Structure formats: structure tokens, C-alpha cells
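K.L.:
here you go, sequence then predicted model.
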Amino acid sequence: MIEVRSARDRGRTEWGWLDSRHTFSFGEYHDPGHMGFRALRVINDDRVKPGAGFGTHGHRDMEILSYVLEGALAHKDSSGGGGVIRPGEIQFMRAGTGVTHSEYNDSKTAPVHFLQVWIIPDRRGLRPAYGQRAFDRDAARRGLVLLASRDGREGSLEVAQDVDLWVTLLEEGERRALALRPGRHAWVHVARGSAAVNGTVLTEGDGAAVSGEETLTLTADQPAEVLVFDLA
């Protein structure tokens, strides 16, 4: 079964310096019909104007991932984590017992476009942590690259939840397949371009909940950048 969450149906926050689209209920956008999927709680598609950003604010008991599509995002948090994230990198912050952090567009001239993902951890009260890694974009053009997982295998970021986050970059006509173990579910997010998921076409910003399928097959009808969450 595949259930599509269309990009045009997402929530939206516009603050002048920020244009954010919410796949799931978030902040002032409350949607009881879209409160997340399995342990996946938030996918925010954020565009921030040059030099602007999110001032210091707090979180707790959440695994937070940032994935930059264009531009550069500067991060600083109270656990000592910090850095600038660019396309081809992914950043992780474990809020755990509580952190404060800020995120700003690192450029004074160019916008930044990024996805912020929240995953509910499998236990509360974890010690805050930070991580950042580059991934092999050439490998992502050949197949699926693991960005985050519970066990940190293949050099992925380690998250406290039974989830594998994959990325792939497809050219027109290319296909990728990911086997799903019995009882597993998937969420597919098309960050850019267009791709069909088991025959169901998704365009930029669309997402899809996948359940009861043995294999997830992605087929691009134009160049596409796709994130896949394999969830318990």
C-alpha cells in the first residue's frame, strides 16, 4: 500500500526570511491527520534568506537530522557541536536531556535550502550528541547510500531508533530497488525532480508512506534526489 502526501497539501510557514513547508504537523501548523509516520515525526522543507536564520532555541528527546540541498547552513549548539553543512553532507543533533542551538544561512548573498528531519528516539533522557559527515555523491549516483542507522554501519550517523535513512541520485530512466524486510515500512521523500515509487509518480516535495510491500522500486522520469526512510 502506498499513500501519497502531496507537496501542495503540506503546511506552510512564511516569516519573510523563512519559507518552510511541513510534511507533518509542526509549530503553528497543526494537522491531526498528519502527525508523522511511525518514528518519523518531522520533515520540514526550509528556504532561508541570506544572512538570516533560527536564533537560539531549545529541544529535547528528539533525533534531528539536517540535509542541505543548496547553499550552506551554519549550526551551533550547547553540547559543543557546530559546523557548516553543505550539499553532500548530513548533520545530526541528539537533543536528549535538552540542548539549545541556532541555525543560520552561512551566506550573506545566497539562500540556503535544506530539509530538517525529526525522528522520535526509542528512549528518553539520552545524553546530547552531535555528528556531521560527508557522503559519497558518486556512490549515490550508482545506488543507495546509507546516511543514518541505529548501528552506524557503513559509516552512517548513529541514531537511537530502528530506522535506516538512505539517499539516491537518479538520472532520467534510472531505477533503484530496496528490499523491505517483513513488517517494515518506508517513507519516501522526493527532495528534487520526479520519481515513481512502485509505479506511483512523485514530484518535488511529495512524500509517500509505504506499507505491506516487499520491495521499494524507484524509477526516475527526470533527474531526481530521493530520501528513503526504512522504518520499523
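P.N.:
Received the coordinates, thanks.

K.L.:
can you list the buried residues in the lengthiest strand in the chain?
P.N.:
The single longest strand within the chain, with elements called by DSSP state E, is strand 215-231. For strand 215-231, the neighbour count (16 or more other Cβ atoms under 10 Å) marks Leu216, Leu218, Thr219, Ala220, Ala224, Glu225, Val226, Leu227, Val228, Phe229, Asp230, Leu231 as buried. Bear in mind the C-beta positions are built from the backbone N, C-alpha and C, glycine included.

K.L.:
what average pLDDT does that strand get?
P.N.:
The average pLDDT for strand 215-231 rounds to 97.

K.L.:
and stretch 58-69, by the same measure?
P.N.:
Stretch 58-69 comes out at a mean pLDDT of 95.

K.L.:
and the end-to-end length of that stretch?
P.N.:
The first residue of stretch 58-69 is 24 Å away from its last residue (Cα to Cα, to the nearest Å).

K.L.:
gap between it and the chain center?
P.N.:
Computed by Cα atoms, centre = their mean, to the nearest Å, the chain-centroid distance of stretch 58-69 equals 9 Å.

K.L.:
please apply the same query to stretch 70-82.
P.N.:
Worked out by Cα atoms, centre = their mean, stretch 70-82 lies 16 Å from the chain centre.

K.L.:
same check, this time on stretch 114-134
P.N.:
The answer for stretch 114-134 is 11 Å, by Cα atoms, centre = their mean.

K.L.:
just the C-alpha atoms of it, please, in PDB.
P.N.:
Provided in PDB are the C-alpha atoms of stretch 114-134 (Å, rounded to 0.1, in the frame of the first residue of the first chain):
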ATOM      1  CA  PHE A 114      17.600  22.300   3.400                       C
ATOM      2  CA  LEU A 115      15.500  19.600   4.900                       C
ATOM      3  CA  GLN A 116      15.200  19.200   8.700                       C
ATOM      4  CA  VAL A 117      14.100  15.800   9.900                       C
ATOM      5  CA  TRP A 118      13.000  14.800  13.400                       C
ATOM      6  CA  ILE A 119      12.900  11.100  14.500                       C
ATOM      7  CA  ILE A 120      11.400  10.100  17.800                       C
ATOM      8  CA  PRO A 121      14.100   8.200  19.800                       C
ATOM      9  CA  ASP A 122      13.400   4.700  21.300                       C
ATOM     10  CA  ARG A 123      14.200   6.000  24.800                       C
ATOM     11  CA  ARG A 124      14.200   9.300  26.600                       C
ATOM     12  CA  GLY A 125      16.800  11.100  28.600                       C
ATOM     13  CA  LEU A 126      19.800  10.300  26.300                       C
ATOM     14  CA  ARG A 127      23.000  12.400  26.600                       C
ATOM     15  CA  PRO A 128      23.000  15.100  23.900                       C
ATOM     16  CA  ALA A 129      25.400  14.500  20.900                       C
ATOM     17  CA  TYR A 130      26.400  16.000  17.600                       C
ATOM     18  CA  GLY A 131      27.700  14.500  14.400                       C
ATOM     19  CA  GLN A 132      28.400  15.600  10.800                       C
ATOM     20  CA  ARG A 133      29.600  13.600   7.800                       C
ATOM     21  CA  ALA A 134      30.000  13.900   4.100                       C
END
